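# This is the structure alone, sequence omitted:
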């Protein structure tokens with residue numbers, strides 16, 4: 001992502017559209033979960049990297065509507081990022097939506113969309129997906145505890161949701177010996193926790 005931006009100025013995300021198409025670092029976890037990001041395709045039909053680049057001018061410039069275009073699969077996007085600098089130097093201008101179908105394949109986007117796609121892919125894998133799993137697990141437990149555990153369990157879930165309206169999705173956790181990313185908290189709301197990170201955090205709390 002950052003490496004892609006450094007390769008060529010045309011690949012840098014414009015400052016005036018950043019707040020429109022990427023979540024601000026100060027958004028709460030719940031606001032982050034509701035922020036609109038493009039879907040990432042699971043698979044992309046086999047095609048050459050060259051099929052994505054064009055020497056014609058962009059046909060689509062609306063930054064916000066770019067959020068509606070699915071992103072190529074992670075494997076395809078990785079190949080595009082590695083080839084982007086050379087393609088630009090050879091005169092390629094906008095990337096085409098070759099991963100889509102029908103007339104959509106002819107759509108030519110702005111070059112910085114490649115960087116945007118890389119940024120979104122990173123955000124989804126490292127931050128969004130863990131919180132989605134946490135939210136889904138809490139919803140599941142809400143249904144399971146609705147009749148068995150009563151009001152106390154419901155109050156616990158409500159407290160967690162209230163906390164997620166106050167916690168920023170980005171940054172580091174403070175108050176522990178090791179400053180871990182905030183997203184580490186998501187594991188506590190799932191069945192996946194008790195890694196070394198979580199054990200160290202609980203030990204820090206016990207020492208107080």
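Thanks, I have the structure now. Just so you know, these numbers come straight off a predicted model, no measurement behind them.

# wait, residue 40 sits on residue 74?
Yes - with contact defined as Cβ atoms under 8 Å, residue 40 counts as touching residue 74 (6.9 Å). Backbone N, C-alpha and C define where each C-beta goes, glycine included.

# Show me what the mean pLDDT comes to for the top helix by length along the chain.
Ranked by residue count and defined by DSSP state H, the top helix of the chain is helix 129-148. Mean pLDDT, helix 129-148: 83.

# What lies in contact with the helix or strand following that helix?
Going down the chain from helix 129-148, the next helix or strand is helix 151-164, by DSSP states H and E. By Cβ atoms under 8 Å, 6 or more residues apart in numbering, the list of residues contacting helix 151-164 from outside reads 28, 29, 30, 138, 141, 142, 145, 146, 189.

# most neighbours, which of the residues you listed?
The residue in the contacts of helix 151-164 with the most neighbours, by other Cβ atoms under 10 Å, is residue 29 (23 neighbours).

# Return the distance of it relative to residue 168.
8 Å (Cβ to Cβ, to the nearest Å).

# got it, and residue 84?
On the measure of Cβ to Cβ, residue 84 and residue 168 end up 31 Å apart.

# higher neighbour count, those two?
residue 84 (25 against 14).

# Any regions of this protein where pLDDT drops low?
Residues of the chain meeting the criterion pLDDT under 70: 1-7, 44-45, 92-93, 145, 147-150, 193-208.

# can you do 80?
Applying pLDDT under 80 to the chain flags residues 1-10, 43-48, 54-55, 61, 64, 84-94, 141-154, 175-178, 191-208.

# what about the helices in it?
Using DSSP H, helices in the chain cover 2-7, 15-21, 29-34, 74-89, 113-123, 129-148, 151-164, 196-206.

# what comes up buried for the longest helix of the chain?
Going by neighbour count (16 or more other Cβ atoms under 10 Å), the buried part of helix 129-148 is 130, 131, 133, 134, 135, 138, 141, 142, 145.

# Identify the residue nearest the second one in space, chain neighbours excluded?
Meaning residue 131. Leaving out its chain neighbours, the residue that sits closest to residue 131 by Cβ to Cβ, 6 or more residues apart in numbering is residue 186, at 4.9 Å.

# cool, the fifth one as well?
Closest residue to residue 135 in three dimensions, ignoring its sequence neighbours and counting by Cβ to Cβ, 6+ apart: residue 33, at 6.3 Å.

# residues touching the one you found, list them.
128, 131, 132, 135.

# May I ask which two of the residues you listed are separated the most?
The two members of the contacts of residue 33 with the most space between them (Cβ to Cβ) are 128 and 135, at 10.3 Å.

# Test my guess that residue 25 contacts residue 182.
No - using Cβ under 8 Å, residue 25 makes no contact with residue 182, being 10.3 Å away.

# quick one: common contacting residues for these two?
Common contacts of residue 25 and residue 182 (Cβ under 8 Å, 6+ apart): 168, 169, 170, 171.

# Select from those the one having the most neighbours.
Top of these by neighbour count (other Cβ under 10 Å): residue 169, with 26 neighbours.

# Just read off the phi/psi values of that residue.
phi -70, psi -20 (degrees, to the nearest 10).
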